[in-house]
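J.: no sequence for this one, just the structure:
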(Lines give C-alpha, C1' and ligand atoms only; values in the text may rest on other atoms or scores of the structure.)
Protein backbone atom coordinates (compact mmCIF):
# COMPACT_ATOMS: atom_id res chain seq x y z
CA UNK A 1 0.00 0.00 0.00
CA UNK A 2 1.40 3.40 -1.08
CA UNK A 3 0.88 6.07 1.59
CA UNK A 4 0.22 9.51 0.10
CA UNK A 5 -0.08 13.00 1.57
CA UNK A 6 -1.74 15.88 -0.30
CA UNK A 7 -0.63 19.52 -0.05
CA UNK A 8 -3.40 22.07 -0.62
CA UNK A 9 -5.77 19.37 0.53
CA UNK A 10 -8.80 21.65 0.88
CA UNK A 11 -8.52 23.33 -2.53
CA UNK A 12 -10.21 22.33 -5.77
CA UNK A 13 -7.22 20.37 -7.02
CA UNK A 14 -6.45 18.89 -3.62
CA UNK A 15 -9.99 17.62 -3.29
CA UNK A 16 -9.83 16.04 -6.75
CA UNK A 17 -6.58 14.26 -5.81
CA UNK A 18 -8.06 13.00 -2.54
CA UNK A 19 -11.07 11.61 -4.39
CA UNK A 20 -8.74 9.94 -6.89
CA UNK A 21 -6.82 8.35 -4.01
CA UNK A 22 -10.08 6.95 -2.68
CA UNK A 23 -10.87 5.47 -6.09
CA UNK A 24 -7.45 3.85 -6.65
CA UNK A 25 -6.45 0.46 -5.29
CA UNK A 26 -3.11 0.26 -3.56
CA UNK A 27 -3.10 3.92 -2.45
CA UNK A 28 -4.23 5.44 0.84
CA UNK A 29 -4.50 9.00 2.11
CA UNK A 30 -2.04 9.33 4.99
CA UNK A 31 -1.47 13.08 5.29
CA UNK A 32 -3.01 16.46 4.47
CA UNK A 33 -1.38 19.91 4.34
CA UNK A 34 -2.81 23.43 4.19
CA UNK A 35 -1.39 26.89 4.83
CA UNK A 36 -1.18 27.87 8.49
CA UNK A 37 -4.09 30.36 8.35
CA UNK A 38 -6.55 27.96 6.74
CA UNK A 39 -9.73 27.64 8.86
CA UNK A 40 -9.77 23.84 8.59
CA UNK A 41 -6.36 23.29 10.20
CA UNK A 42 -6.82 20.63 12.88
CA UNK A 43 -9.92 19.18 11.24
CA UNK A 44 -9.99 15.64 9.84
CA UNK A 45 -10.43 14.29 6.32
CA UNK A 46 -11.92 10.83 5.97
CA UNK A 47 -12.17 8.46 3.03
CA UNK A 48 -14.36 5.34 3.10
CA UNK A 49 -12.63 2.38 4.74
CA UNK A 50 -9.58 4.46 5.69
CA UNK A 51 -8.47 6.05 8.96
CA UNK A 52 -9.06 9.83 9.10
CA UNK A 53 -6.11 12.18 8.70
CA UNK A 54 -5.69 15.54 10.42
CA UNK A 55 -5.04 18.65 8.33
CA UNK A 56 -1.74 20.22 9.39
CA UNK A 57 0.31 23.21 8.25
CA UNK A 58 3.90 22.10 8.95
CA UNK A 59 5.23 19.69 6.31
CA UNK A 60 7.99 18.60 8.68
CA UNK A 61 5.32 17.16 10.99
CA UNK A 62 4.36 14.60 8.35
CA UNK A 63 5.11 10.99 9.18
CA UNK A 64 8.34 9.46 7.93
CA UNK A 65 6.22 6.44 7.01
CA UNK A 66 4.76 8.42 4.10
CA UNK A 67 5.80 7.34 0.63
CA UNK A 68 4.80 10.33 -1.51
CA UNK A 69 3.65 13.95 -1.16
CA UNK A 70 1.52 15.32 -4.02
CA UNK A 71 1.67 19.11 -4.28
CA UNK A 72 -0.38 21.42 -6.53
CA UNK A 73 -0.08 24.61 -4.46
CA UNK A 74 2.12 27.63 -5.26
CA UNK A 75 5.86 28.02 -5.95
CA UNK A 76 6.89 29.17 -2.47
CA UNK A 77 4.83 26.54 -0.66
CA UNK A 78 5.92 23.77 -3.03
CA UNK A 79 9.60 24.49 -2.43
CA UNK A 80 9.09 24.47 1.33
CA UNK A 81 7.20 21.19 1.11
CA UNK A 82 9.86 19.68 -1.17
CA UNK A 83 12.60 20.68 1.28
CA UNK A 84 10.70 18.85 4.02
CA UNK A 85 10.34 15.79 1.74
CA UNK A 86 14.09 15.78 1.17
CA UNK A 87 14.72 15.88 4.92
CA UNK A 88 12.13 13.19 5.72
CA UNK A 89 12.95 10.86 2.83
CA UNK A 90 9.55 11.23 1.16
CA UNK A 91 9.13 11.14 -2.63
CA UNK A 92 7.40 14.12 -4.24
CA UNK A 93 5.02 14.76 -7.14
CA UNK A 94 4.90 18.48 -7.95
CA UNK A 95 2.28 19.88 -10.33
CA UNK A 96 2.65 23.53 -9.31
CA UNK A 97 2.97 26.11 -12.09
CA UNK A 98 4.40 29.62 -12.18
CA UNK A 99 7.91 28.78 -10.92
CA UNK A 100 10.65 31.23 -11.90
CA UNK A 101 14.07 30.09 -13.06
CA UNK A 102 15.64 30.42 -9.60
CA UNK A 103 12.78 28.43 -8.09
CA UNK A 104 13.17 25.71 -10.73
CA UNK A 105 16.86 25.52 -9.90
CA UNK A 106 16.03 25.16 -6.20
CA UNK A 107 13.58 22.39 -7.10
CA UNK A 108 16.31 20.61 -9.07
CA UNK A 109 18.66 20.81 -6.09
CA UNK A 110 16.07 19.33 -3.70
CA UNK A 111 15.37 16.58 -6.24
CA UNK A 112 19.00 15.48 -5.94
CA UNK A 113 18.07 14.37 -2.41
CA UNK A 114 14.68 12.73 -3.02
CA UNK A 115 12.90 11.25 -6.08
CA UNK A 116 10.70 13.98 -7.59
CA UNK A 117 8.27 14.11 -10.50
CA UNK A 118 7.75 17.67 -11.71
CA UNK A 119 5.43 18.56 -14.57
CA UNK A 120 3.44 21.68 -15.48
CA UNK A 121 0.58 19.32 -16.35
CA UNK A 122 0.00 15.82 -14.98
CA UNK A 123 -2.67 14.93 -17.54
CA UNK A 124 -1.78 11.85 -19.60
CA UNK A 125 -3.38 13.48 -22.65
CA UNK A 126 -1.38 16.70 -22.33
CA UNK A 127 1.88 14.80 -22.07
CA UNK A 128 1.00 12.90 -25.22
CA UNK A 129 0.36 16.34 -26.75
CA UNK A 130 3.91 17.39 -25.77
CA UNK A 131 5.25 14.36 -27.63
CA UNK A 132 3.14 15.10 -30.71
CA UNK A 133 4.21 18.76 -30.60
CA UNK A 134 7.89 17.82 -30.76
CA UNK A 135 7.26 15.41 -33.63
CA UNK A 136 5.24 17.98 -35.60
CA UNK A 137 7.74 20.80 -35.07
CA UNK A 138 10.63 18.60 -36.16
CA UNK A 139 8.82 17.54 -39.34
CA UNK A 140 7.47 20.99 -40.27
CA UNK A 141 10.55 23.05 -39.47
CA UNK A 142 10.81 26.79 -40.03
CA UNK A 143 8.29 26.97 -42.88
CA UNK A 144 5.35 27.00 -40.46
CA UNK A 145 4.45 29.77 -38.01
CA UNK A 146 3.82 28.63 -34.43
CA UNK A 147 1.07 29.98 -32.18
CA UNK A 148 -0.22 28.69 -28.84
CA UNK A 149 -3.55 29.76 -27.36
CA UNK A 150 -4.49 28.75 -23.82
CA UNK A 151 -7.71 29.33 -21.86
CA UNK A 152 -8.39 28.84 -18.15
CA UNK A 153 -10.87 29.86 -15.46
CA UNK A 154 -10.95 33.41 -14.17
CA UNK A 155 -9.40 32.42 -10.82
CA UNK A 156 -6.09 31.19 -12.25
CA UNK A 157 -3.26 33.35 -10.95
CA UNK A 158 -0.37 32.72 -13.38
CA UNK A 159 -0.24 33.50 -17.09
CA UNK A 160 0.61 32.02 -19.47
CA UNK A 161 -0.15 28.61 -18.04
CA UNK A 162 2.67 26.26 -17.22
CA UNK A 163 1.32 23.92 -19.88
CA UNK A 164 1.45 26.61 -22.56
CA UNK A 165 5.01 27.45 -21.60
CA UNK A 166 5.86 23.75 -21.61
CA UNK A 167 4.45 23.40 -25.12
CA UNK A 168 6.39 26.44 -26.26
CA UNK A 169 9.62 25.06 -24.81
CA UNK A 170 9.08 21.67 -26.48
CA UNK A 171 8.52 23.35 -29.85
CA UNK A 172 11.46 25.74 -29.40
CA UNK A 173 13.81 22.87 -28.60
CA UNK A 174 12.60 20.87 -31.61
CA UNK A 175 13.20 23.90 -33.85
CA UNK A 176 16.57 24.77 -32.32
CA UNK A 177 15.37 28.10 -30.96
CA UNK A 178 15.85 29.84 -27.62
CA UNK A 179 12.33 30.46 -26.33
CA UNK A 180 13.40 33.56 -24.38
CA UNK A 181 14.50 35.18 -27.63
CA UNK A 182 11.46 34.29 -29.73
CA UNK A 183 8.41 34.11 -27.43
CA UNK A 184 5.74 36.75 -28.11
CA UNK A 185 3.12 37.07 -25.36
CA UNK A 186 0.94 39.89 -26.70
CA UNK A 187 0.34 41.97 -29.81
CA UNK A 188 -1.25 45.39 -30.05
CA UNK A 189 -1.12 48.33 -32.45
CA UNK A 190 1.10 48.67 -35.51
CA UNK A 191 3.49 45.84 -34.67
CA UNK A 192 4.72 45.17 -38.20
CA UNK A 193 5.06 41.89 -40.01
CA UNK A 194 5.41 38.71 -38.00
CA UNK A 195 8.91 37.25 -37.96
CA UNK A 196 9.42 33.65 -39.04
CA UNK A 197 10.99 32.68 -35.70
CA UNK A 198 8.23 33.93 -33.39
CA UNK A 199 6.46 31.53 -31.05
CA UNK A 200 3.23 33.24 -30.07
CA UNK A 201 1.69 32.44 -26.67
CA UNK A 202 -1.72 34.01 -26.07
CA UNK A 203 -3.82 33.84 -22.88
CA UNK A 204 -7.56 33.76 -22.17
CA UNK A 205 -9.05 33.95 -18.66
CA UNK A 206 -12.82 33.51 -18.37
CA UNK A 207 -15.57 31.79 -16.42
CA UNK A 208 -14.91 28.28 -15.17
CA UNK A 209 -12.81 26.91 -18.06
CA UNK A 210 -10.81 24.02 -16.60
CA UNK A 211 -8.07 24.18 -19.22
CA UNK A 212 -7.74 24.34 -23.00
CA UNK A 213 -4.56 24.48 -25.10
CA UNK A 214 -4.25 24.74 -28.87
CA UNK A 215 -0.94 24.52 -30.72
CA UNK A 216 -1.18 25.89 -34.25
CA UNK A 217 1.29 25.41 -37.09
CA UNK A 218 0.35 27.64 -40.04
CA UNK A 219 2.17 27.23 -43.33
CA UNK A 220 1.64 27.94 -47.03
CA UNK A 221 -1.90 26.90 -47.92
CA UNK A 222 -2.58 24.86 -44.79
CA UNK A 223 -2.50 24.74 -41.03
CA UNK A 224 -2.32 22.02 -38.40
CA UNK A 225 -3.96 22.38 -34.98
CA UNK A 226 -3.35 20.16 -31.98
CA UNK A 227 -5.84 20.79 -29.16
CA UNK A 228 -6.30 19.39 -25.68
CA UNK A 229 -9.40 20.25 -23.66
CA UNK A 230 -9.76 19.30 -20.00
CA UNK A 231 -13.38 18.75 -18.99
CA UNK A 232 -12.62 18.33 -15.27
CA UNK A 233 -9.69 18.27 -12.87
CA UNK A 234 -10.04 14.52 -12.53
CA UNK A 235 -7.59 13.81 -15.36
CA UNK A 236 -4.87 15.88 -13.62
CA UNK A 237 -5.57 14.02 -10.37
CA UNK A 238 -5.40 10.60 -12.04
CA UNK A 239 -2.09 11.55 -13.65
CA UNK A 240 -0.72 12.65 -10.27
CA UNK A 241 -1.70 9.32 -8.71
CA UNK A 242 -0.05 7.50 -11.61
CA UNK A 243 3.12 9.51 -10.99
CA UNK A 244 2.97 8.75 -7.26
CA UNK A 245 2.74 5.01 -7.90
CA UNK A 246 5.63 5.20 -10.36
CA UNK A 247 8.08 7.30 -8.32
CA UNK A 248 8.23 5.04 -5.24
CA UNK A 249 11.49 3.11 -5.25
CA UNK A 250 13.23 5.31 -7.85
CA UNK A 251 16.64 6.83 -7.31
CA UNK A 252 16.80 10.51 -6.21
CA UNK A 253 16.54 12.83 -9.16
CA UNK A 254 14.17 15.01 -11.16
CA UNK A 255 11.71 13.14 -13.38
CA UNK A 256 8.93 14.25 -15.72
CA UNK A 257 5.58 12.80 -16.77
CA UNK A 258 7.33 11.70 -19.95
CA UNK A 259 9.41 9.40 -17.72
CA UNK A 260 6.29 8.18 -15.93
CA UNK A 261 4.49 7.41 -19.20
CA UNK A 262 7.49 6.00 -21.06
CA UNK A 263 7.36 8.73 -23.70
CA UNK A 264 11.09 9.50 -23.76
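T.: Done, it's in. It should be emphasised that the depicted structure is a prediction, and the values quoted were computed from it without experimental measurement.

J.: could you pull out the helices for the stretch 101-250 of the chain?
T.: Ranges of helices within the stretch 101-250 of the chain are 101-111, 124-140, 162-175, 179-182, 234-247, based on DSSP state H, counting those that start in this stretch.

J.: for residue 96, give its distance to residue 214.
T.: Distance from residue 96 to residue 214, counting by C-beta to C-beta, to the nearest Å: 23 Å. Using the backbone N, CA and C atoms, a C-beta is placed for each residue, glycine as well.

J.: give me the more crowded residue out of the two.
T.: A side-by-side neighbour count of residue 96 and residue 214, using other C-beta atoms under 10 Å, places residue 96 first with 26 against 18.

J.: confirm for me that the more buried one is in contact with residue 69.
T.: No. The pair residue 96 / residue 69 is not scored as a contact, 11.9 Å apart, by C-beta atoms under 8 Å.

J.: related to what we said a few turns ago, kindly reformat the helices of the stretch 101-250 of the chain as CSV containing mean pLDDT.
T.: Shown next, in CSV, are the helices of the stretch 101-250 of the chain (pLDDT from 0 to 100):
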stretch, mean pLDDT
helix 101-111, 96
helix 124-140, 96
helix 162-175, 96
helix 179-182, 96
helix 234-247, 95
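
J.: mind giving me TSV with those helices and columns for mean neighbour count?
T.: Listed next are the helices of the stretch 101-250 of the chain as TSV, based on neighbours: other C-beta atoms under 10 Å:
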stretch	mean neighbour count
helix 101-111	15
helix 124-140	18
helix 162-175	21
helix 179-182	13
helix 234-247	23
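
J.: how about TSV for these, with distance to residue 54 added?
T.: TSV is the format used below for the helices of the stretch 101-250 of the chain (distance: least, C-beta to C-beta, whole Å):
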stretch	distance to residue 54
helix 101-111	25
helix 124-140	32
helix 162-175	31
helix 179-182	43
helix 234-247	21
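
J.: and those: which comes nearest residue 45?
T.: helix 234-247 (15.0 Å; C-beta to C-beta).

J.: helices or strands up against the closest one?
T.: strand 2-7, helix 12-22, strand 27-33, strand 68-71, strand 91-94, strand 115-118, helix 124-140, helix 257-261 (3 or more C-beta pairs under 8 Å, 6 or more residues apart in numbering; DSSP states H and E).

J.: what angle do it and helix 124-140 make?
T.: 90 degrees (axes from the mean of the first three to the mean of the last three C-alpha atoms, to 10 degrees).

J.: I would like the residues contacting helix 234-247, please.
T.: 2, 4, 13, 16-17, 19-21, 24, 26-27, 67-68, 70, 72, 91-93, 95, 115-117, 119, 121-125, 127, 230, 255, 257, 259-261 (C-beta atoms under 8 Å, 6 or more residues apart in numbering).
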